[in-house]
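Student: build me a structure from this.
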Amino acid sequence: MKKLAAVLVLAVAVSAQAAKMTHVVGQEFPAVDTVDLLSGAKVNLKDTLAKKEVQGVVVFFTSYTCPVALAYEERINELAEQHKGKVPFIALNANANENGDQQTTHAKEKGLKFAVGIDKGSDAAKKIGASATPEFYLIGKDGKVVYHGPLDDSQDPQHIDKKLLASAIENHLAGKEIPADDREVQAFGCGIKFPK
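Tutor: This is a model prediction of the structure:
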């Protein structure tokens, strides 16, 4: 019964996002200027990309109440740790019904190893056309999106066929083009709750 309930929750979340993908590969990612809730440090996408050692940045939209986003946190942590010097990760919470204090508490309890900030007014999410949590964007040194989609192709680790974001990062760092079919893929998860 629990398994069925989990499948239904995921099905509802996924179906809510099925027709909303905005194609953004090749476009400039909007400005990100926030504060890391874990360290209190300023987080600015442009400044981060300007650092000599940084070859790209992953920005993704998250939620501390979405079961899909929560199911991915351990995998995100591992990938962020693996690439922290060259490809830092920035998580943004764009949900109007969630707040910074609870996001901070959650991030500390879960030991998240990347910057976590608030997307005030869902500004970046609206500008880039994001619709789900989690939804990932790999941004090149020039500020343009080179990959957009999910972390991988299954919430269940036992059913992963493609580690989409990991492969995109590896190709990007190697100076290789990301395969066209894997460059922009429908993200799945809970719908972002935009301000009314």
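
Student: can you give me the strands in the chain?
Tutor: 33-35, 42-44, 56-62, 89-93, 115-118, 132-133, 135-140, 145-149, 190-191 (DSSP state E).

Student: which of these is buried the deepest?
Tutor: strand 132-133 (a mean of 30; mean count of other Cβ atoms under 10 Å). All C-beta atoms are positioned from the backbone trio N, CA, C, and that covers glycine.

Student: re earlier: got the strands of the chain as JSON lines, with distance to residue 26 columns?
Tutor: Listed next are those as JSON lines, based on distance: least, Cβ to Cβ, whole Å:
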{"stretch": "strand 33-35", "distance to residue 26": "23"}
{"stretch": "strand 42-44", "distance to residue 26": "22"}
{"stretch": "strand 56-62", "distance to residue 26": "14"}
{"stretch": "strand 89-93", "distance to residue 26": "20"}
{"stretch": "strand 115-118", "distance to residue 26": "25"}
{"stretch": "strand 132-133", "distance to residue 26": "20"}
{"stretch": "strand 135-140", "distance to residue 26": "10"}
{"stretch": "strand 145-149", "distance to residue 26": "7"}
{"stretch": "strand 190-191", "distance to residue 26": "25"}
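
Student: need the ones you listed in JSON lines with distance to residue 73 and mean pLDDT, can you?
Tutor: Output for the strands of the chain, formatted as JSON lines (distance: least, Cβ to Cβ, whole Å; pLDDT from 0 to 100):
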{"stretch": "strand 33-35", "distance to residue 73": "19", "mean pLDDT": "97"}
{"stretch": "strand 42-44", "distance to residue 73": "19", "mean pLDDT": "98"}
{"stretch": "strand 56-62", "distance to residue 73": "8", "mean pLDDT": "98"}
{"stretch": "strand 89-93", "distance to residue 73": "9", "mean pLDDT": "98"}
{"stretch": "strand 115-118", "distance to residue 73": "11", "mean pLDDT": "98"}
{"stretch": "strand 132-133", "distance to residue 73": "11", "mean pLDDT": "96"}
{"stretch": "strand 135-140", "distance to residue 73": "13", "mean pLDDT": "98"}
{"stretch": "strand 145-149", "distance to residue 73": "18", "mean pLDDT": "98"}
{"stretch": "strand 190-191", "distance to residue 73": "14", "mean pLDDT": "96"}
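
Student: nearest to residue 77, out of the ones you listed?
Tutor: Closest of the strands of the chain to residue 77 is strand 89-93, at 9.0 Å (criterion: Cβ to Cβ).
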